[in-house]
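Colleague: Structural data only, the sequence is not supplied:
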């Protein structure tokens, strides 16, 4: 046992956490004086850009998850949910459950990469009734839901009820919303042949976006191309529309058209009957961070130019949970996997500098381009400063994301899924496997010390 062994603890098991662990492993993997520890709620890395393809049945569920133990082999891994971070005592405490006891882990250096969760902006009814696209469970649940709606609509004689089964509403016109809408339309059009009474014009996929354009942050020409293509494929895109409530049968929408300040608010209230609302309209940091002793703004950890948390040297925050203001735009960086990985590399570099008493480096973000697929063999991309749209962009999207898949066996499986999709129809079996999780915290376990 080496005395004065330094322990680096990484919180999270997403893109930022895994990339940081891999960088540190390449430096300290065989160093007996450094111990690497990762704590994650899931024992796998979820390849979120491909979630919409799992929801549409194109890719097999297990092909986009990578066990942490197979990709971070020199890091000790704990599967658990973080209850508390004590930066003064340098302790991380995990929740206990009925099956396992609560434990505390000491650290010398800490990397917080806890990601984010879906933000419903305080609308409890939307949170209760909407489907989301953050986890593998979400994607499988949504696929089951779509097939369930088709099954019910096929034999439904009440026209209003039938319409509510076949209206699918996606809230949010960002990457997740647009890619989900495109995949959803692909699935509906592919499997429609099995439902003789359902016609193409009966199927409605509606995208609601509160801003004046879809894919904010994307090149305007490309975003317009995407919009045109989606409309051609039958997707109804409604801009400047904000959801105000959803009771499971009807979604209420407020129109956000600007009105003169002195006039009475005349924003129209509209509604769409639907049984399926998919919410992709924003994320918020996890509760663990919001209630920690760290300094936060809008729930995110405030970091300096080196990605270190304010007032706590040796503690780094990266990815969706870190508030890093881009000096060029003067706005916080958006929550994307590309930024998370870029920050992970820099945090690892600065951690190594800290341990070796050398100069730290400032984080400067250089975008490598953006990509989105918008349905059947069509996409948009900004790649090496060039704007590309259509089939070529779709091909680039596939190649880039395939190259990012961490293990060769999963690369092969995803590639084969794509090949099979070219020749065969999608499966319409509905798997009644998963229950929706409603519980967010293990409240009932610690009634006494859970009052914050």
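Modeller: Here it is on my side, so go on. Just so we're clear, the structure is a prediction, and the values are computed from it rather than from any experiment.
Colleague: Just to check, residue 292 is in contact with residue 85?
Modeller: Yes. Using C-beta atoms under 8 Å, residue 292 is in contact with residue 85, at 4.9 Å. C-beta here means a position set from N, CA and C on the backbone, and glycine is covered the same way.
Colleague: Those two - which one has more neighbours?
Modeller: residue 85 (23 against 19; other C-beta atoms under 10 Å).
Colleague: Could you verify my assumption that that one touches residue 92?
Modeller: Yes. With contact defined as C-beta under 8 Å, residue 85 counts as touching residue 92 (5.5 Å).
Colleague: Find the residues that touch each one of the two.
Modeller: 11, 110 (C-beta atoms under 8 Å, 6 or more residues apart in numbering).
Colleague: which one is the spatially most central residue of the chain nearest to, not counting chain neighbours?
Modeller: By C-alpha atoms, centre = their mean, the chain has its centre lying nearest to residue 134, at 4.5 Å. Distances taken as C-beta to C-beta, 6 or more residues apart in numbering put residue 118 closest to residue 134, at 5.6 Å, once the chain neighbours are dropped.
Colleague: In the sheet, which residues pair with the one you found? Tell me.
Modeller: residue 283 (DSSP bridges).
Colleague: Could I get the contacting residues of it?
Modeller: The contact partners of residue 118, by C-beta under 8 Å, 6+ apart, come to 132, 134, 279, 282, 283, 284.
Colleague: For the last one, grab the count of nearby residues.
Modeller: By other C-beta under 10 Å, 19 other residues sit near residue 284.
Colleague: correct me, but it touches residue 117?
Modeller: Yes. Counting by C-beta under 8 Å, residue 117 is a contact partner of residue 284 at 6.2 Å.
Colleague: Helices along the chain, start to end?
Modeller: 15-28, 51-55, 68-71, 124-129, 136-154, 159-166, 175-191, 220-232, 287-290, 337-355, 391-404, 408-423 (DSSP state H).
Colleague: Residue 246 is nearest to which of the ones you listed?
Modeller: Closest to residue 246 of the helices of the chain is helix 124-129 (C-beta to C-beta; 4.8 Å).
Colleague: Quick check: the gap between the residue nearest to the centre of the chain and residue 341.
Modeller: 18 Å (C-beta to C-beta, to the nearest Å).
Colleague: go on, residue 416?
Modeller: Noted for residue 416: a distance of 26 Å to residue 341, by C-beta to C-beta.
Colleague: Looking at the two, which has the bigger crowd around it?
Modeller: More crowded of residue 416 and residue 341, by other C-beta under 10 Å: residue 341, with 21 against 13.
Colleague: Please name the residues that touch the more buried one.
Modeller: Here residue 341 is in contact with 15, 16, 19 (C-beta under 8 Å, 6+ apart).
Colleague: same thing with residue 394?
Modeller: 373, 377, 378, 379.
Colleague: what's the closest non-adjacent residue to it?
Modeller: Going by C-beta to C-beta, 6+ apart, residue 394 has residue 379 as its nearest residue, at 3.7 Å.
Colleague: count of residues packed around that neighbour?
Modeller: Neighbours of residue 379 using other C-beta under 10 Å come to 26.
Colleague: In this structure it contacts residue 399, no?
Modeller: No. Look at residue 379 against residue 399 with C-beta under 8 Å: they stay out of range, at 11.2 Å.
Colleague: Mind listing the shared neighbours of the two?
Modeller: Common neighbours of residue 379 and residue 399 (C-beta under 8 Å, 6+ apart) do not exist.
Colleague: so residue 15 touches residue 45, yeah?
Modeller: Yes. Using C-beta under 8 Å as the test, residue 15 is close enough to residue 45 to be in contact (7.1 Å).
Colleague: Could you dump the helices of the chain into TSV with distance to residue 268 and mean pLDDT added?
Modeller: What follows is the helices of the chain, written out as TSV (distance: least, C-beta to C-beta, whole Å; pLDDT from 0 to 100):
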stretch	distance to residue 268	mean pLDDT
helix 15-28	40	97
helix 51-55	30	95
helix 68-71	49	96
helix 124-129	19	96
helix 136-154	27	95
helix 159-166	21	97
helix 175-191	22	95
helix 220-232	21	93
helix 287-290	35	87
helix 337-355	37	95
helix 391-404	36	94
helix 408-423	41	95
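Colleague: and of these, who's closest to residue 272?
Modeller: Closest among the helices of the chain, once you apply C-beta to C-beta, is helix 159-166, at 8.9 Å.
Colleague: now the angle from that closest one to helix 175-191?
Modeller: With axes from the mean of the first three to the mean of the last three C-alpha atoms, to 10 degrees defining the directions, helix 159-166 sits at 120 degrees from helix 175-191.
Colleague: Check which helices and strands helix 159-166 sits against.
Modeller: When contacts are defined as 3 or more C-beta pairs under 8 Å, 6 or more residues apart in numbering; DSSP states H and E, helix 159-166 sits against helix 136-154, strand 269-273.
Colleague: which outside residues touch it?
Modeller: The contact list for helix 159-166, computed with C-beta under 8 Å, 6+ apart, reads 149-150, 152-153, 156, 198, 202-204, 249-250, 273-275.
Colleague: which of these count as buried?
Modeller: With burial judged by 16 or more other C-beta atoms under 10 Å, the buried subset of the contacts of helix 159-166 is 149, 150, 153, 156, 198, 202, 203, 204, 274, 275.
Colleague: Closest one to residue 357 out of the residues you listed, please.
Modeller: Nearest member of the buried ones among the contacts of helix 159-166 to residue 357, counting by C-beta to C-beta, is residue 274, at 59.5 Å.
Colleague: Against residue 375, how distant is the nearest residue to the closest one once chain neighbours are set aside?
Modeller: The shortest distance from residue 274 to any non-neighbouring residue, by C-beta to C-beta, 6+ apart, is to residue 167 (4.0 Å). Going from residue 167 to residue 375 by C-beta to C-beta gives 18 Å.
Colleague: Which of those two has more residues huddled nearby?
Modeller: The residue with more neighbours, out of residue 167 and residue 375, is residue 375; 24 against 21, by other C-beta under 10 Å.
Colleague: Okay, strands next: where are they in the stretch 251-400 of the chain?
Modeller: 269-273, 276-279, 283-285, 296-297, 300-302, 315-317, 322-323, 369-373, 379-383, 386-390 (DSSP state E, counting those that start in this stretch).
Colleague: ok, of the contacts of helix 159-166, which one's closest to residue 182?
Modeller: Distances from residue 182 to the contacts of helix 159-166, taken by C-beta to C-beta, are shortest for residue 203, at 13.7 Å.
Colleague: and the closest residue to that closest one other than its chain neighbours, what does it touch?
Modeller: Nearest in space to residue 203, with sequence neighbours left out and distances taken as C-beta to C-beta, 6+ apart, is residue 188 at 4.8 Å. If you count contacts by C-beta under 8 Å, 6+ apart, residue 188 has them with 146, 150, 168, 203, 205.
Colleague: Perfect, I'm done here.
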